[in-house]
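> Take this sequence and fold it.
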Amino acid sequence: MQMETHAFLTALFNRAVKQALPGETLKHYLPEDRTGKAVVIGAGKAAASMARALESVWEGELEGLVVTRYGHTAECQKIEVIEAAHPVPDDAGREVAERILNLVAGLNEKDLVICLLSGGGSALLSLPAPGITFSQKQQINKALLKSGAAIDEMNCVRKHLSAIKGGRLAKAVAPAQLITLAISDVPGDEATVIASGPTVADPTTSKDALDILNRYQVSVPDSVTEWLHSPESETVKPGDVCLERARFELIASPQLSLEAAAEEASQWGIPAHILSDCIEGESRDVAKVHAALAKQIADREQPFTTPCVLLSGGETTVTVRGEGRGGRNSEFLLSLYHELQGHPQIFALAADTDGIDGVEDNAGAVLNPQSYHQGQALELNSQDYLDNNDGYTFFKQLDSLLTTGPTLTNVNDFRAILILPKEESGN
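Predicted coordinates for the structure are as follows:
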């Protein structure tokens with residue numbers, strides 16, 4: 001039974017990832033006439049694989065430059081691929097941002113620019129606004145990552161401290177025609193949040209950015225405060241003339257991947273229930289809610305009957321207080337472990353669809369009733385590991401890490417919780 005449930009859960013995850021691969025979807029969003037010249041730019045964990053997919057179907061001339069995370073490259077013949085750091089930006093990302101702005105400068109109405117965006121693009125395409133140093137922006141980014149701020153809040157700050165985000169890239173491209181093809185990794189699939197919206201209008205304001213920094217008590221230099229109080233810090237707003245020839249297309253999303261996983265589950269004969277594609281909040285708290293729902297189903301057959309699998313996505317957060325290792329998915333699963341206490345009917349998988357949970361080498365981890373007994377035998381105290389934000393080390397000792405390597409796409413967190421009937425679980 002353990003091997004079958006593991007195979008089932010990993011099959012759901014693999015199907016979700018496959019649905020989001022650009023080779024499966026990108027071609028459907030391109031112009032019918034693909035014989036002309038196009039300038040290609042882009043950023044994100046899937047930027048290289050998106051560029052490769054574009055090259056495979058574009059018939060005309062291509063040139064351009066995209067940036068992806070270290071280890072997430074894909075071989076391209078015409079489009080240059082540069083690797084840079086994520087989640088904290090480095091000089092490679094800054095240099096690429098400058099080169100991209102130079103590449104699109106001076107284009108006219110007859111030119112076509114295709115921009116490829118995916119999760120991670122915000123950190124990878126990092127170019128500080130005038131008067132702000134790169135090191136200052138790095139420190140602010142690190143502080144926000146540790147603060148527990150939601151992704152949309154972090155991106156609001158990033159946009160207003162940037163020379164390329166918040167629609168500024170679209171402004172640089174105008175008056176050329178601009179087509180943005182995006183893979184969503186954010187709750188709600190909001191175009192302005194994906195990679196911090198470099199090619200779309202931004203409804204947030206500099207005041208919003210200041211409020212977020214104050215809310216999370218992020219200390220910033222005087223130069224940053226002065227910049228955010230200046231009119232120049234404001235991003236491109238809806239209705240701006242620079243967006244008249246810009247089109248935005250979403251080619252993959254968390255919801256589509258969850259639907260694909262649900263279809264995979266049905267092929268195994270297991271009913272699937274999609275809870276939400278946009279769950280946010282502290283990973284450990286989200287796990288408590290999932291655990292309570294799973295136990296209600298297992299013990300009382302409410303609100304769903306067994307067998308079934310619960311699917312959810314979104315982007316949870318981890319407020320880092322300890323010194324341990326692990327991303328939001330291992331923290332979610334560690335909290336789930338703590339709440340379930342080895343419930344004999346419940347099995348789970350939580351992983352990041354980009355193949356990297358936080359900054360570790362695993363995508364996530366898997367959990368089954370035997371995991372609890374293993375932990376007990378090894379005298380592992382799950383609360384201690386939670387207090388230290390050390391989910392990676394915990395599940396490594398249980399040999400339960402899920403390691404896939406970079407998937408070259410990213411539609412955020414994927415969670416699957418399988419609940420079996422009492423008789424099938426051996427209880």
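> roughly how far apart are Glu263 and Ser253?
Distance of Glu263 to Ser253, given as Cβ to Cβ, to the nearest Å: 15 Å. Every residue, glycine included, has its C-beta placed from N, CA and C.
> who's more crowded, those two?
Taking neighbours as other Cβ atoms under 10 Å, Glu263 and Ser253 compare with Ser253 leading, 24 against 13.
> show me what contacts the residue nearest to Ala260 when sequence neighbours are not counted?
Closest residue to Ala260 apart from its sequence neighbours, by Cβ to Cβ, 6 or more residues apart in numbering: Gln19 at 3.8 Å. The contact partners of Gln19, taken as Cβ atoms under 8 Å, 6 or more residues apart in numbering, are Ala252, Leu256, Ser257, Glu259, Ala260, Ala261.
> Check Gly269 too.
Residues near Gly269 by Cβ under 8 Å, 6+ apart: none.
> quick one: the helices in the stretch 1-150 of the chain?
2-19, 22-25, 47-57, 91-104, 121-124, 134-147 (DSSP state H, counting those that start in this stretch).
> Highest mean neighbour count out of these?
Compared across those, helix 121-124 shows the largest average neighbour count, a mean of 30 (mean count of other Cβ atoms under 10 Å).
> what residues does that one touch?
42-44, 47, 67-69, 84-89, 93, 96, 141, 154-155, 158, 165, 194-196, 198.
> CSV for the helices of the stretch 1-150 of the chain, including distance to Glu323?
Listed next are the helices of the stretch 1-150 of the chain as CSV, based on distance: least, Cβ to Cβ, whole Å:
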stretch, distance to Glu323
helix 2-19, 29
helix 22-25, 37
helix 47-57, 32
helix 91-104, 27
helix 121-124, 23
helix 134-147, 12
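> Pipe those into TSV and attach mean pLDDT and distance to Ala292 per row.
As requested, the helices of the stretch 1-150 of the chain are exported to TSV (pLDDT from 0 to 100; distance: least, Cβ to Cβ, whole Å):
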stretch	mean pLDDT	distance to Ala292
helix 2-19	93	20
helix 22-25	92	35
helix 47-57	97	38
helix 91-104	96	41
helix 121-124	92	33
helix 134-147	90	27
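> Ser400: which of those is closest?
Ranking the helices of the stretch 1-150 of the chain by proximity to Ser400 (Cβ to Cβ) places helix 2-19 first, at 9.5 Å.
> for the helix or strand harbouring Phe347, packing partners?
Element membership for Phe347 (DSSP states H and E) is strand 346-352. When contacts are defined as 3 or more Cβ pairs under 8 Å, 6 or more residues apart in numbering; DSSP states H and E, strand 346-352 packs onto helix 2-19, helix 283-300, helix 328-340, strand 364-367, strand 413-419.
> Neighbouring strands of the last one in the sheet, and parallel or not?
The strands beside strand 413-419 in its sheet (DSSP bridges) come out as strand 308-314 (antiparallel), strand 346-352 (antiparallel).
> The ones you listed into TSV, with extra columns for distance to Asn381?
Below are the strands paired with strand 413-419 laid out as TSV (distance: least, Cβ to Cβ, whole Å):
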stretch	distance to Asn381
strand 308-314	27
strand 346-352	20
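> ok, now which ones touch Val193?
Ile151, Asp152, Asn155, Val186.
> quick revisit: out of the strands paired with strand 413-419, the one nearest Thr5 is which?
With Cβ to Cβ as the yardstick, what comes closest out of the strands paired with strand 413-419 is strand 346-352 (4.5 Å).
> List the buried residues for the closest one?
By neighbour count on 16 or more other Cβ atoms under 10 Å, the buried set for strand 346-352 is Ile346, Phe347, Ala348, Leu349, Ala350, Ala351, Asp352.
> Let me know the closest of the residues you listed to Gln376.
Nearest to Gln376 among the buried residues of strand 346-352, with distances taken as Cβ to Cβ, is Ile346, at 16.6 Å.
> which ones are touching the closest one?
Ala294, Lys295, Ala298, Leu340, Pro369, Ile417, Leu418, Ile419, Leu420.
> List the buried residues for stretch 415-422?
Across stretch 415-422, burial judged by 16+ other Cβ under 10 Å covers Arg415, Ala416, Ile417, Leu418, Ile419, Leu420.
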